[in-house]
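1. build me a model:
(one chain, ligands or ions: 1)
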Amino acid sequence: MRQEQGPRLLVAMDYSNSEDCLKVAHQLSPSECRLKVGKELFTATGPQLIEQLMTLGFDVFLDLKFHDIPNTTAKAVASAAQLGVWMVNVHASGGLRMMEAAREALVPFQTKPWLIGVTVLTSMSAEDLAQTGVNRSPQEQVLYLADLAKQCGLDGVVCSAQEVPTIKRSCGPEFLTVTPGIRPANSVADDQRRVMTPAEAVAAGSDYLVVGRPVTKAIDPSQACRQILQNMRDV
Ligand SMILES: O=C(O)c1cc(=O)[nH]c(=O)n1[C@@H]1O[C@H](COP(=O)(O)O)[C@@H](O)[C@H]1O
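-> Numbers count the residues shown, from 1 in each chain. Next up, the predicted model:
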């Protein structure tokens, strides 16, 4: 397993255009955080912005949560690797053959992005999950999908920080956990349902904390970022 140093805070750049994203990126430091480019920003701007963010020195997590037939997913993951991104994700619920195809697609690349499986979205409660026909608890379903992702040779999973200790016990300490649903104490949860504070997530053993609106919607994003980093150190 590849080991690495570097920032554990991943800022979700959920903006609708390059200008807003670059304005905030210039206020942040690659030594303090990495950047996540998701569906809204990528659909609006395309790969060119990824290059610009990498030129500024940031590692980029391309969060497009691929979920398709094995062939399509594998090709999409290879296209992401071609862009030189640091991390890419697929939905673990796409199944064993899909995840194995994605992993195989990365074999030819010398510098491979981390390949991460999304388990149960952090916006989902037990009730939301039951509405999709899954009658396990979110915790049980997350662990089930994490074990499947590990079996397929993925590097880790996206989950809530609440599930990290169980995943680490089952999949081992080196299996990466990437945790959105991070909210500083006393801030609003928005649409997130399985949340933890930055300090709680670090204490739970999360490898990478994903934070969006608490930074991007702050009046001073770089100050909000520093506060989160301080809270991460408070453990
Ligand atoms: O894969 C993700 O990044 C992701 C998975 C998940 O289960 N929950 C989740 O919130 N995310 C992403 O993490 C970010 C969280 O943003 P905030 O809720 O604004 O902090 C968003 O960009 C989501 O798309």
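2. list the contacts of the closest residue to Ala201 other than its chain neighbours.
-> Once flanking residues are discounted, Ala201 sits nearest to Ala161: 3.6 Å by CB to CB, 6 or more residues apart in numbering. Where you see a C-beta, it was placed from the backbone N, CA and C, and this is true even at glycine. Residues in contact with Ala161 (CB atoms under 8 Å, 6 or more residues apart in numbering) are Thr177, Thr179, Gly181, Ile182, Met196, Glu200, Ala201, Ala204, Ser206, Leu209.
3. what strand or helix carries Gln230?
-> Using DSSP states H and E, Gln230 maps to helix 221-233.
4. so what secondary structure elements neighbour that helix?
-> strand 9-12, helix 198-204, strand 208-211, helix 213-216 (3 or more CB pairs under 8 Å, 6 or more residues apart in numbering; DSSP states H and E).
5. which one of these lies nearest to Gly117?
-> The minimum distance between Gly117 and the helices and strands packed on helix 221-233 falls on strand 208-211, with 13.9 Å, by CB to CB.
6. in the chain, which strand has the most residues?
-> Scanning the chain for the strand with the most residues, using DSSP state E, yields strand 60-66.
7. for the record, mean pLDDT for that one?
-> Averaging pLDDT along strand 60-66 gives 98.
8. after it, next one along is what?
-> Next along the chain from strand 60-66, counting by DSSP H and E, comes helix 70-83.
9. the helix or strand following that following helix - contacts with which helices or strands?
-> Using DSSP H and E, the helix or strand that follows helix 70-83 in sequence is strand 87-91. With contacts taken as 3+ CB pairs under 8 Å, 6+ apart, strand 87-91 sits against strand 60-66, helix 70-83, helix 96-105, strand 114-118.
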